[in-house]
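*Asks:* Based on what follows, work out the 3D shape:
(2 chains)
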Amino acid sequence: MAMDLEDDTTVLTTLKSFNSFISRTEPPQRLSEHAGGSTSLQSQYKRSMEFLEAADRLQSSHRYLQLDQEKKQMELSHKRARFQLEKAASYSARDLEVQVDRNQELLGRIKKLEERETGTAKNLSEQLEANHTLRKKLEGLNKKLEERDISLTSANQSNSSLKDEIRELKQKILNQTSTISTQTLEKQELQEQLDLQRRKCQEASQLCQSLQDAQSACSEHIIKIKELERRLALQEQDVAIVKTVKSEAARVPDLEKELKRLREDNAFLRENRDNCGLLKEEVEGLRRKLERMAKTKEELASMELEKEVNKLQAWENLGQSTGLNIRKPEDLSREVIQIQQREFALKEQNYTLNSRAERSHSEICAELSQQRGKALEEQKKRETQDALVRRLQKRVLLLTKERDGMRAILESYDSELSSTEYSPQLSKRLRETEDILQKTQNHNAEIEAQLSKAQEEMGTLKLQLQTVMYLHAYFRQKIEDLEAERQRLEEQNNTLEMRLERHNLQGDYDPVKTRVLHLKMNPTTVAKQQRQQEVEALREEVTRLRELVRSLQEGGSLVHPQDDSSMHNSSLGLRLPPSKEVLDLRKQMESSELRNQRLKEVFQRKIQEFRTVCYVLTGYKIDITTENQYRLTSVYAEHMDDSLLFKKGSNGNMQLMETEFSKTLDEMVALHLHHQKSIPAFLSAVTLDLFSRQTTV
Amino acid sequence: FMKMTCTAKGITLKGSAELVAEFFSFGINSILYQRGIYPPETFTRVTHYDMSLQLTTDPKLKNYLTNVVSQLKEWLFECTVQKLVLVITCLETNEVLERWQFDIECDKSAKESSAPREKSIKTIQDEIRSVIRQVTATVTFLPLLETPCAFDLLVYTDKDLVVPEKWEESGPQIINQSEEVRLRSFTTSIHKVNSMVAYKRIDSV
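*Replies:* Sure thing, here's the model as predicted:
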């Protein structure tokens, strides 16, 4: 078995083993020889046979071994091949498994995909259906849309028509607003009229009241009159009784008559007294009114005056300050507006005051005239009453005397007829009548006292009237003053307005209401900035140049004593960027001057050449003496001064001027110039003449 | 189409603002040309209002004027502008030499009612033309501007207005000792423009 394992060494080992076997076989041979002494040849044959057989066996075994080895090798190779094949098979099997798995997977996938396909097919059909339905819906919607479009167009039409209507309505509204405004204006007018009417109504009511007062006064008077009449009647009755009682007292009716008259007078006086009282009251009322008016007026005037003075001072201050520079134009405008308002108020007040004053004045005048008339009447009445009183007093004296006489007579009667029952009655009556008489006398006295009072009152009334007149004059003066001040203020107002207008023209504004704006980047500021920049640049340049000049001066002074001018020069060169330009310009100038010089030279040469050629060819030297004058000197001239002068006229014609030489050529001048009118011919003739003269000499 | 209705029915607030702004544009241009603030070769001739007018071709000036005039148009539409003033200043002495003042009276009721006013654009333009003619004629009596000058445009507005960006408050730039001359005015029935010029008095003594 060890030999089997040792593949390559098998042959060697077999050989070894054979050798070893041969070597080993000797002892057994000896043994066999020892053991098989009897059987010699047979045994030897047997032994050789055996040996042969053993050799064959060995050979066969050897071959066997070889074959076996070969077989083993074959097997090994086979095994190897099989192994390899198995390996390959296992690989392929594994691959197959993998493939099968993949196949299965793919199958699964295919199935899934199929499922999915069916699902998608279903979906597709559903979608198609949905699409159909949607299309139908869309058609329906389109129809609806069309319908709506139609309705919209109709709505638009209606809208436009409505707009038209609105425009018409607006116009109507405008018309109506205009009518409303006119109506409001009318309304205002009507209201004004109404106010007027109301005022009139008030006046009328006042008049009514006064009338009622007068009526009540009248009724009182009537009642008094009636009372008096009643009393008179009583007295008359009494008198009648007295008459009836006393026929002798024939004079009594006279007395009664007198009494009656006196009573009437009395009533009259009473009336007068009442009138007087009324008048007094009225006068007092008026006076109070006047006082009030005067006070209010004075107060008003003083207040206004103070205000105006203050304002005037303020204005003067302002004016002084504004004369130079108006700082607060808004104050000015405000002041102006205030003044205007005040002026309006003042005007109104003035008007009202004026009207009131006029009214009061007229009333007072009327009152005055009335009062005067009344006073006159009163005076007349008083005089008549005085006369009456005197007469009455005289009569009373007479009556008392008569009464005394009558009493004496009656007493004598009484003494005579004391027994009769008749006398006490009579005496009673008499006493009564006497009492009545006393009463009337008392009454008379009272009336007289009243009269004197009335007269006193009249005097006071007159005084009051005078004061009223004085006040009236005073107020009139005041009104005139106020009017003058008003005018002054108006003028001031006008001037202030003018000033305000001027300020407005000059561009002033009210900073409370207005604000002045401009663009930040406006042309003026831009220009100013540019200018500023330019100025700065120039300033810089100036300082730079100044430094340069200073350094140059220093350098110039330093050149002589020291030799560091080269350094200065270098610094100078560094500091002089414009010098290069200057140098360039200088070069250009020099070159141009040079060119000029050359041109001049060339021209001079050419002109000289031209002149010499002319001289040689024509025989005349032509010089320009002054402008438009040409001097011709011939080659053959006998003297240096012999020359001809030609002048160019304004029309281009050449004219010969008189010279010493030309005087000698009269013939030729006459022939060639005057007759032939040819200057070249004349000149040729002169040349020939001179030439011939020279040659002959 | 809008313009057609404008001419047919009168003038609206917007149309009025545009007309007045246009007037200012042409008026300022012709003042700058007449007074020689800018060289005459930088102007070009156009025909407007049935008359020949000068318009600047300087791009910077053009830009500035369009800025100002468009803003002004807005304010005219809002009725918040009171005056437009063209101030001419001497650059050497910083002294104000001339003030062209245009007072603008706005009818603020036009803001509430949009109803157009009955005034044809033709008559308004006739009025504007006469104003510009007068402006041109003032050169005969205004003193010569001998020094280099620059101009500025001031706008007087209501106090409650919000100051827009790029704008700032300025002084009124009043001339010290001036003579004033009132010029013609025109009205669109919504905006009334009174024009006047004030110039520095030259001491005749």
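
*Asks:* Could you report the neighbour count for residue 82?
*Replies:* Chain wasn't specified; assuming chain A. Residues near A:R82, counting by other CB atoms under 10 Å in any protein chain shown, number 12. Using the backbone N, CA and C atoms, a C-beta is placed for each residue, glycine as well.

*Asks:* my bad, the chain I had in mind was chain B
*Replies:* Neighbour tally, B:Q82, other CB under 10 Å: 21.

*Asks:* In what element of secondary structure is it found?
*Replies:* strand B:81-90 (DSSP states H and E).

*Asks:* Summarise which helices and strands that strand is packed against.
*Replies:* Contact analysis of strand B:81-90 by 3 or more CB pairs under 8 Å, 6 or more residues apart in numbering or on different chains; DSSP states H and E lists helix B:13-34, helix B:59-78, strand B:96-106, strand B:149-158 as its packing neighbours.

*Asks:* Now do that strand against strand B:149-158, angle only.
*Replies:* Angular relation of strand B:81-90 and strand B:149-158 on a 0 to 180 degree scale: 160 degrees, by axes from the mean of the first three to the mean of the last three CA atoms, to 10 degrees.

*Asks:* What strands line up against strand B:81-90, and which way round?
*Replies:* Using DSSP bridges, strand B:81-90 pairs in its sheet with strand B:96-106 (antiparallel), strand B:149-158 (antiparallel).

*Asks:* re earlier: out of the helices and strands packed on strand B:81-90, nearest to A:S125?
*Replies:* helix B:13-34 (62.8 Å; CB to CB).

*Asks:* Now that closest one - C-alpha only, CSV.
*Replies:* Written as CSV, here are the backbone C-alpha positions of helix B:13-34 (Å, rounded to 0.1, in the frame of the first residue of the first chain):
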residue,chain,number,x,y,z
LEU,B,13,-59.4,116.8,-15.0
LYS,B,14,-56.9,114.4,-16.5
GLY,B,15,-57.0,116.2,-19.9
SER,B,16,-56.6,119.5,-18.2
ALA,B,17,-53.6,118.3,-16.2
GLU,B,18,-52.0,117.0,-19.4
LEU,B,19,-52.6,120.2,-21.3
VAL,B,20,-51.1,122.4,-18.5
ALA,B,21,-48.1,120.1,-18.1
GLU,B,22,-47.6,120.3,-21.9
PHE,B,23,-47.8,124.0,-21.7
PHE,B,24,-45.1,124.1,-19.0
SER,B,25,-42.8,121.8,-21.0
PHE,B,26,-43.0,124.1,-24.0
GLY,B,27,-43.0,127.3,-22.0
ILE,B,28,-39.9,126.3,-20.0
ASN,B,29,-38.1,125.3,-23.2
SER,B,30,-38.9,128.5,-24.9
ILE,B,31,-37.8,130.6,-21.8
LEU,B,32,-34.5,128.7,-21.7
TYR,B,33,-34.0,129.3,-25.4
GLN,B,34,-35.0,133.0,-25.3
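
*Asks:* Are it and chain A in contact anywhere?
*Replies:* No: Helix B:13-34 is not in contact with chain A by CB under 8 Å from any CB of the partner chain; minimum separation 9.3 Å.

*Asks:* roughly how far is that helix from the heart of the chain?
*Replies:* 6 Å (CA atoms, centre = their mean, to the nearest Å).

*Asks:* what packs against the helix or strand following it?
*Replies:* Next helix or strand after helix B:13-34 toward the C-terminus (DSSP H and E): strand B:43-48. Packing partners of strand B:43-48 (3+ CB pairs under 8 Å, 6+ apart): helix B:13-34, strand B:51-56.

*Asks:* TSV for the ones you listed, including mean pLDDT and mean neighbour count?
*Replies:* Shown next, in TSV, are the helices and strands packed on strand B:43-48 (pLDDT from 0 to 100; neighbours: other CB atoms under 10 Å in any protein chain shown):
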stretch	mean pLDDT	mean neighbour count
helix B:13-34	92	21
strand B:51-56	92	17
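
*Asks:* can you put these in TSV and add distance to B:A198?
*Replies:* Putting these into TSV (distance: least, CB to CB, whole Å) gives the following:
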stretch	distance to B:A198
helix B:13-34	13
strand B:51-56	23
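
*Asks:* Minimum distance to B:L145: which of these has it?
*Replies:* Proximity to B:L145 (CB to CB) singles out helix B:13-34 among these, at 10.5 Å.

*Asks:* before we move on, the earlier item: the strands paired with strand B:81-90: which one's closest to B:A137?
*Replies:* Smallest distance to B:A137 across the strands paired with strand B:81-90 (CB to CB): 13.7 Å, for strand B:96-106.

*Asks:* where does the chain have low pLDDT?
*Replies:* You didn't pick a chain, so chain A it is. Where chain A drops to pLDDT under 70, the residues are A:1-14, A:22-39, A:248-252, A:315, A:318-331, A:416-423, A:555-578, A:696-697.

*Asks:* try chain B instead
*Replies:* B:1-9, B:203-205.

*Asks:* For it, which residue occupies the most central location?
*Replies:* With distances taken as CA atoms, centre = their mean, B:F24 lies nearest the centre of chain B, 3.4 Å away.

*Asks:* Chain A too?
*Replies:* A:T514 (5.9 Å).
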